[in-house]
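S.K.: Next comes the sequence, and after it the predicted model I'd like to discuss.
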Amino acid sequence: MPVRRLRTALAAAAAALALTVGCGAADREQPPRPEPVPRDWKLTFRDEFDGTELDTDRWATCYDWNQDGCTNSGNDEEQWYLPGQVSVGDGHLSLNAERRSTRGSDDKTYPWRSGMVSTGRDDWYAEPRHVFTYGYFEASVRIPAEAGMFPAFWMMPASKFTPPELDIMEFLERTDRVMMYVHWRSPDGDQRARAGYGPVDFPAKHHVFALLWTPDEVSWYVDGVRRFRVTEPERIPHVPMEVLINLAVGVPDSPPRSVDSARMTVDWVRVWQR
């Protein structure tokens, strides 16, 4: 190759490399560090949902006991979770609930089907995808406005058994008041502490729900403002936990009767740790 053509080719390759590196650097840009996150903590998990498909290296679409779908029978919920109710597009994760009679693998028929994601397993005997012990957990979530939905962003032990349990946000019966819980096992059995914050028109837009979990405290945040804090040692979990986001259907004393569909969207999920 003549020297001039070689230099031109090398220059073009260098420009392409610089562009590629630049794009990669942009993709790896760190989001703003939330105020509660200590300076020596790093971003260890994130999903901005920028693609067109769910990243199955990060997320499962059911609980650890997935058998052609799943549900949470302990809450008398009305949905059967299926992967087809989970979608990614336009920069969001969508969990879609629809009134559609669905036969579960437990031989029960559920009036609704819906979607969920978890950093856990695909089945009982597999290893979870990601587990976390302590950190700052945050997600930008827009809850559905429809009555009778039970959206949640929460954490459960990798051991598959609760308590403990950390409910970063739940909406029960009211869409203008977020509930925050910690569950622990005391000598008297399963105990919980809770707090609520509102009224806010939460379905109108995305809000950031977050939890700071350290060996000494658990604190809940809504849009960057602390709304609840627990420091009693017996209430603070110290075990690896999975992250879950779900759109359940049917809440106590307020089942959905006048709606046939609902959608919950997630803009991003991030975890900061030491």
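M.R.: Ah, there it is. Numbering: from 1, shown residues only.

S.K.: Now do Trp59, the pLDDT please.
M.R.: Per-residue confidence for Trp59 comes out at a pLDDT of 98.

S.K.: Show the low-confidence segments of the stretch 101-250 of the chain, by residue range.
M.R.: Under the criterion pLDDT under 70, no range of the stretch 101-250 of the chain is flagged.

S.K.: mind listing the helices for it?
M.R.: In the stretch 101-250 of the chain, no helices are defined using DSSP state H, counting those that start in this stretch.

S.K.: Need the nearest residue in space to Glu138, chain neighbours excluded.
M.R.: Ala210 (3.8 Å; Cβ to Cβ, 6 or more residues apart in numbering). All C-beta atoms are positioned from the backbone trio N, CA, C, and that covers glycine.

S.K.: Make sure the one you found is actually in contact with Leu166.
M.R.: No. Contact criterion Cβ atoms under 8 Å: Ala210 and Leu166 do not qualify, at 11.6 Å.

S.K.: ok, Val269 - contacts?
M.R.: Phe45, Arg46, Asp47, Glu138, Ala139, Val243, Ile245 (Cβ atoms under 8 Å, 6 or more residues apart in numbering).

S.K.: of all the residues you listed, which two lie farthest apart?
M.R.: Of all pairs drawn from those, the greatest distance, 14.0 Å, lies between Arg46 and Ile245 (Cβ to Cβ).

S.K.: ok, those two, which is more surrounded?
M.R.: With neighbours defined as other Cβ atoms under 10 Å, Arg46 and Ile245 compare such that Ile245 has more, 24 against 14.

S.K.: Where does the closest residue in space to Glu48 that isn't next to it in sequence fall, secondary structure wise?
M.R.: Distances taken as Cβ to Cβ, 6+ apart place Trp268 nearest to Glu48, at 4.8 Å, with adjacent residues excluded. Applying DSSP states H and E as the criterion places Trp268 in strand 261-273.

S.K.: List the buried residues for that strand?
M.R.: Neighbour-count burial for strand 261-273, counted by 16 or more other Cβ atoms under 10 Å, picks out Ala262, Arg263, Met264, Thr265, Val266, Asp267, Trp268, Val269, Arg270, Val271, Trp272, Gln273.

S.K.: Run through the strands of the stretch 101-250 of the chain in chain order.
M.R.: Assigned by DSSP state E, counting those that start in this stretch, the stretch 101-250 of the chain shows strands spanning 109-114, 116-118, 135-142, 149-157, 165-170, 178-186, 189-197, 207-213, 218-222, 225-230, 241-249.
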